[in-house]
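**Q** test case, fold it:
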Amino acid sequence: EEFGGSGGGVSEQWPMPSYQSSAAATVGIFRQGESSGVPCDNHVGLCRQVPDVAADADPETGYVVFVDGSLPHGGWTVVGGTSASAPLWAAFTALANSSATCHGASIGFANPALYAIAGSSYASDFRDVVEPSPFTGRANNNTTFGTGPFAVLPGYDMATGIGAPLGASLATSLCSLAGPPSPTPQPEPQVVPQQAAPAPAPTPAPTSIPVASIGAAQLRALLIAHLAPAGRSARTASLLAKGNYALRFHAPEAGSLTIAWYEFPPGAKLAKRAKPKPVLVATGRLRFSAAGTKTLELKLTAAGKALLKHSKRVKLTAKGTFTPRGKAPVSATKVFTLKR
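**A** Below is the predicted model of the structure:
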């Protein structure tokens, strides 16, 4: 932009949400010298980083809109800024929701899905903003005065977030993670009593246990983002030294979370009577009385410690299950590798 810049930075109020802290390392959430837990007084993690995404907001290449003609400067005009880019994302989401690709499902709260998609198919779904301003030549989040502390970098940065959307492809990816559409309520059949016999008791309508309010697919994406460690935490030496792996999880509602790591000998399966049985390497469980963020400790089992101690490289399968209170459990699995 010629006369502006993007907003962004580290929150002084909010800890980093789980969809950021557990995003794939390739997304680049952690920035040395920039990411911090100090501003929000988070002693066990980092603070929320913004923005999440970006869009064109330059008034020089802005959006043509019609303003009420009775107002000063009314009629057709060109606008930019957040007042243009935020409605662009809202319109994009609305179009995706109404598209045939979503099959009537709703994307809902998109942040967990956006970061999960960025970690699996970034180049297909986002345009990484890495170019400096064509007017000033500066590449930070304050192109007018050159004082912005956050540089435009490959992957996530606190100037342009994950990046700008590649609409058609991103809509398809978001719809693939959207929850199922709500069924249309059907009236219960009316029982007409017979004169010669007592009226039969009405047959209760079949019931089903609803899944989490954010949608099962989105909850699975949230689980997958937490199942495996990254960086130094993915080293067996680090895990053996600590005896556990700690992760931050943001529950969308009240419920319980269970995560377990398994090593599968040839022929082993996750079944009650499977032979040979998988080796339970680590496990942890949390309860949430309401929506919120907590730290889950995955503690290594004795068998897990022995396995990691004698393995230079081990392939594990992680299984996570979140059971919302009074609703059906939602599970996800992920295969990952630990190295010494």
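**Q** where does the stretch 1-150 of the chain dip in pLDDT?
**A** 1-5, 69-74, 133-139, 141-148 (pLDDT under 70).
**Q** please repeat the previous calculation with a cut-off of 90.
**A** 1-9, 22, 25, 31-36, 39, 41-45, 55-87, 100-106, 108, 129-150 (pLDDT under 90).
**Q** where along it do the strands fall?
**A** 9-15, 47-50, 63-67, 75-79, 126-127 (DSSP state E, counting those that start in this stretch).
**Q** what does the third one contact?
**A** So that's strand 63-67. Residues outside strand 63-67 that contact it (CB atoms under 8 Å, 6 or more residues apart in numbering) are His73, Gly74, Gly75, Trp76, Thr77, Val78, Val79, Gly80, Ala84, Leu88. Every C-beta, even on glycine, is put in place using the N, C-alpha and C of the backbone.
**Q** end to end on stretch 104-113, go ahead and measure it.
**A** One end of stretch 104-113 sits 18 Å from the other (CA to CA, to the nearest Å).
**Q** buried ones in the host helix or strand of Ala282?
**A** Here Ala282, judged by DSSP states H and E, is contained in strand 279-288. Using 16 or more other CB atoms under 10 Å as the test for burial, strand 279-288 gives Val279, Val281, Ala282, Thr283, Gly284, Leu286, Phe288.
**Q** among the residues you listed, which one lies nearest to Ala54?
**A** Phe288 (32.2 Å; CB to CB).
**Q** give me every residue that touches that closest one.
**A** Neighbours of Phe288 in contact, by CB under 8 Å, 6+ apart: Ala251, Glu253, Ala254, Gly255, Ser256, Leu257, Lys294.
**Q** would you map the helices across the stretch 151-300 of the chain?
**A** In the stretch 151-300 of the chain, the segments counted as helices under DSSP state H, counting those that start in this stretch are 167-177, 216-224, 236-242.
**Q** out of those helices, which one sits most buried?
**A** helix 216-224 (a mean of 24; mean count of other CB atoms under 10 Å).
**Q** any idea of the angle it forms with helix 167-177?
**A** 90 degrees (axes from the mean of the first three to the mean of the last three CA atoms, to 10 degrees).
**Q** any idea what sits nearest Glu297, other than its immediate chain neighbours?
**A** Sequence neighbours aside, Asn244 is the residue nearest to Glu297 in space, at 4.8 Å (criterion: CB to CB, 6 or more residues apart in numbering).
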